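Visitor: Got a predicted structure plus its sequence, pasted below:
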Amino acid sequence: MKATWNGAVLAESDETVVVEGNHYFPADSLNRDFFSPSETHTTCPWKGVASYYSITVNGKTNPDAAWTYPTPKAAAKEIAGYVAFWRGVTVG
């Protein structure tokens with residue numbers, strides 16, 4: 001699987017985990033040059049608290065376009081530290 005946005009490969013891995021239709025990429029598969037931490041957090045009743053990243057490629061920023069569960073609840077432990085995408089990021 002590969003995540004791309006604005007002409008750049010954000011992440012690429014054969015080891016994604018699919019949860020609720022989203023591919024979660026292992027942390028070591030990310031091109032960290034494009035990611036910056038966001039102040040945004042949301043809570044899922046069964047996964048826990050999500051933290052977000054904004055993505056910047058070629059001077060254009062996509063705010064909160066990636067998220068992760070650093071310390072998920074037990075039901076979602078397989079995605080601990082993995083990163084998923086939305087907001088125009090193509091995953092395929």
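Guide: Alright, I've got the coordinates. Numbers count the residues shown, from 1 in each chain.
Visitor: Please make it C-alpha for all contacts and neighbour counts, starting now.
Guide: OK.
Visitor: buried residues in stretch 59-69?
Guide: Buried residues in stretch 59-69, counted by 16 or more other Cα atoms under 10 Å: 62-69.
Visitor: chain center to that stretch: distance?
Guide: When C-alpha coordinates are averaged (Cα atoms, centre = their mean, to the nearest Å), stretch 59-69 and its chain have centres 8 Å apart.
Visitor: pLDDT on that stretch, on average?
Guide: Averaging pLDDT along stretch 59-69 gives 98.
Visitor: on that earlier part again, can you list the buried residues of stretch 59-69 in a markdown table and add distance to residue 39 and secondary structure?
Guide: Listed next are these as a markdown table, based on distance: Cα to Cα, whole Å; DSSP: H, G, I helix; E, B strand; the rest coil:
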| residue | distance to residue 39 | secondary structure |
| --- | --- | --- |
| 62 | 14 | strand |
| 63 | 10 | strand |
| 64 | 9 | strand |
| 65 | 13 | strand |
| 66 | 12 | strand |
| 67 | 11 | strand |
| 68 | 13 | strand |
| 69 | 14 | strand |
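Visitor: Check the secondary structure at residue 76 for me.
Guide: Here residue 76 is recorded as helix under DSSP: H, G, I helix; E, B strand; the rest coil.
Visitor: quick one on the thing from earlier: include distance to residue 51 when you put the buried residues of stretch 59-69 into JSON lines, please.
Guide: Formatted as JSON lines, the buried residues of stretch 59-69 follow (distance: Cα to Cα, whole Å):
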{"residue": "62", "distance to residue 51": "15"}
{"residue": "63", "distance to residue 51": "12"}
{"residue": "64", "distance to residue 51": "9"}
{"residue": "65", "distance to residue 51": "11"}
{"residue": "66", "distance to residue 51": "9"}
{"residue": "67", "distance to residue 51": "6"}
{"residue": "68", "distance to residue 51": "5"}
{"residue": "69", "distance to residue 51": "6"}
